[in-house]
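**Q** generate a structure from the sequence data that follows.
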Amino acid sequence: MAKNINHHLYQDKDSGVWYFQKKVRGREKPYKLSLETTTKLEARRKRDEYLKQIDQQGFITAIDAVLAPETVVFGEVAVKWADIVKTQIAETTFWNYQKAMNKHVLPVFGNNHIDAITSLEIETFISHLTCGSKTKQNILTPFRLVMKFAKKHKIIQSNPFMDVDPIKKTKSTQKRPLMIDEIHQFVQAVDEFWKPLFILMFFSGIRVAEVSALKWKHIDFVKGSVKIRQNLVRLKGGEIVYKAPKTESSIRDVKIPEFIVESLREQQKWTWKGNGDDLVFLNKQGHPIHRHTINRCVISPTLKKLGITTPISIKDTRSSFITNAIDNNERMSYIQKQVGHTTTRMIVDHYYRHVPAPDDGAKLENAWNSTSILPEQGGEKM
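**A** You can find the predicted model right below:
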């Protein structure tokens, strides 16, 4: 016998409006309510939401709120939280929160009673996420904040995230920086239009957002320095805004050697129009550069031409600078200032492991040999 896909639904013949009707155990009268739609698909969707609530809670929240006066659904709390938090954080951060909530969290928990969400349900949700640990953390951050908000304002008695195990860090795709000889090959092979950009990035440690926002007035050709004063940020919908760096250490003057100065003079023929507020780097269509486009249309083809299989992106020019600077015995304080780090800890934790050192231990051995008192040849044996 075929399944009735319109079970619990009926349509008013005069208005065409669909209605939901179902008898529920323990409820004196059956549910009978308008779904406020004349569309069959929308009626089925709303019907399914009501059936889910009945299955999970034994009643429909909107109708039987009197049975649970203190209970609200997660989605309602999330909206209240969003209205407040969007006035307190950066627009790009709020957009990322919104994207994670709408795509991952709300489809699963949006219609659930917030005080009924358990740590088991959250860990089950996490186990179904097919992404790396960093992305999982990004998804869970706004979820955690909503639950923390609910606990703070006594919407829930306890926060289930207190019993959720931390996300285990997964191994990311193994990358390595390009060494000096590979950078030389890359710069020789890349399109002439892009050479100055990569010479600057590989030998200065400037971030992608910083170089994208760089203006000609920020270049000091005499002193040999680049002033980092802003980042280029793309908002939802592609809108471009310029923002000050997040940390004080990121606002800095980056020292550049003469060969970078010369490459920037070459860049002038592409983008210098006589106005210091003009951007130094644009794409061939005259628009601000976009890292995804450069990765796809410039870096990948160049690496393929050279036979380099390491998956390098424009962001890896920064790690290449740090690694090569360490390998060539540049002072740690110099590297730290160039890249805009607050301390040297990140440099030590993330980049030292990439530095090739086949003679590890030799310097200590030489130091010992130069200072120790060795037995004379031909001396008496004990």
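**Q** how is the protein divided into domains?
**A** Following automatic domain parsing, the chain resolves into domains at 9-67, 74-163, 180-354.
**Q** now render these as JSON lines, adding distance to Ser370 and mean neighbour count.
**A** Placement of C-beta: from N, CA and C, glycine included. Output for the domains of the chain, formatted as JSON lines (distance: least, C-beta to C-beta, whole Å; neighbours: other C-beta atoms under 10 Å):
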{"stretch": "domain 9-67", "distance to Ser370": "76", "mean neighbour count": "14"}
{"stretch": "domain 74-163", "distance to Ser370": "47", "mean neighbour count": "16"}
{"stretch": "domain 180-354", "distance to Ser370": "20", "mean neighbour count": "16"}
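**Q** okay, these in CSV with mean pLDDT next?
**A** Below are the domains of the chain laid out as CSV (pLDDT from 0 to 100):
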stretch, mean pLDDT
domain 9-67, 80
domain 74-163, 91
domain 180-354, 90
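**Q** can I get those domains in a markdown table including distance to Asn366?
**A** Formatted as a markdown table, the domains of the chain follow (distance: least, C-beta to C-beta, whole Å):
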| stretch | distance to Asn366 |
| --- | --- |
| domain 9-67 | 72 |
| domain 74-163 | 42 |
| domain 180-354 | 16 |
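**Q** tell me the phi and psi of Glu76?
**A** Backbone torsions of Glu76, given as degrees, to the nearest 10, read phi -70, psi -40.
**Q** grab the nearest non-local neighbour of it.
**A** Ranked by C-beta to C-beta, 6 or more residues apart in numbering and with sequence neighbours excluded, the top spatial neighbour of Glu76 is Ile114, at 8.0 Å.
**Q** that neighbour reaches Trp81, doesn't it?
**A** No - using C-beta atoms under 8 Å as the test, Ile114 is too far from Trp81 to be in contact (10.8 Å).
**Q** mutual contacts of the two, please.
**A** Common neighbours of Ile114 and Trp81 are listed as Ala150 (criterion: C-beta atoms under 8 Å, 6 or more residues apart in numbering).
**Q** so where do the strands sit in this structure?
**A** 9-11, 18-22, 31-34, 219-220, 225-228, 231-234, 240-243, 252-255 (DSSP state E).
**Q** do you know which of these lies nearest Lys304?
**A** In terms of C-beta to C-beta, the element of those nearest to Lys304 is strand 231-234, at 26.8 Å.
**Q** what's next to that closest one, contact-wise?
**A** Residues from elsewhere that reach strand 231-234 (C-beta under 8 Å, 6+ apart): 92, 207, 209-210, 212-213, 240-245, 288, 290.
**Q** for stretch 91-106, same thing?
**A** Applying C-beta under 8 Å, 6+ apart, the external contacts of stretch 91-106 come out as 74-75, 78, 82, 85-86, 89, 129, 138-139, 141-143, 145-146, 233, 235-236, 241.
**Q** before we move on, what about stretch 108-124?
**A** Outside stretch 108-124, the residues within contact range by C-beta under 8 Å, 6+ apart are 49, 52-53, 56-57, 61, 68, 70-78, 125, 143, 147, 150, 155-157, 160-165.
**Q** again, only using 7 Å
**A** If you take C-beta atoms under 7 Å, 6 or more residues apart in numbering as the criterion, stretch 108-124 is touched by 49, 52-53, 57, 61, 71-75, 77, 125, 150, 155-157, 160-161, 163-165.
**Q** once you drop chain neighbours, what's closest to Lys337?
**A** Spatial nearest neighbour of Lys337, chain neighbours left out: Arg252 (6.4 Å); criterion: C-beta to C-beta, 6+ apart.
**Q** that should have said Asp12, apologies.
**A** The shortest distance from Asp12 to any non-neighbouring residue, by C-beta to C-beta, 6+ apart, is to Tyr19 (6.7 Å).
**Q** list the beta-bridge partners for the one you found.
**A** When assigned by DSSP bridges, Tyr19 has beta-bridge partners Tyr10, Ser34.
**Q** that one: what's it in contact with?
**A** Tyr10, Asp12, Lys32, Leu33, Ser34, Leu35.
**Q** ok, the fourth one touching Gln21?
**A** No - between Leu33 and Gln21 there is no contact, the gap being 8.1 Å when judged by C-beta atoms under 7 Å.
**Q** out of the domains of the chain, the one nearest Asn369 is which?
**A** Closest to Asn369 of the domains of the chain, according to C-beta to C-beta: domain 180-354, at 21.7 Å.
**Q** show me where the stretch 1-150 of the chain has its helices.
**A** Assigned by DSSP state H, counting those that start in this stretch, the helices in the stretch 1-150 of the chain fall at 40-57, 74-85, 91-100, 106-109, 119-127, 133-152.
**Q** can you list the ones you listed in a markdown table and add distance to Ile322?
**A** Below are these laid out as a markdown table (distance: least, C-beta to C-beta, whole Å):
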| stretch | distance to Ile322 |
| --- | --- |
| helix 40-57 | 52 |
| helix 74-85 | 34 |
| helix 91-100 | 25 |
| helix 106-109 | 40 |
| helix 119-127 | 33 |
| helix 133-152 | 20 |
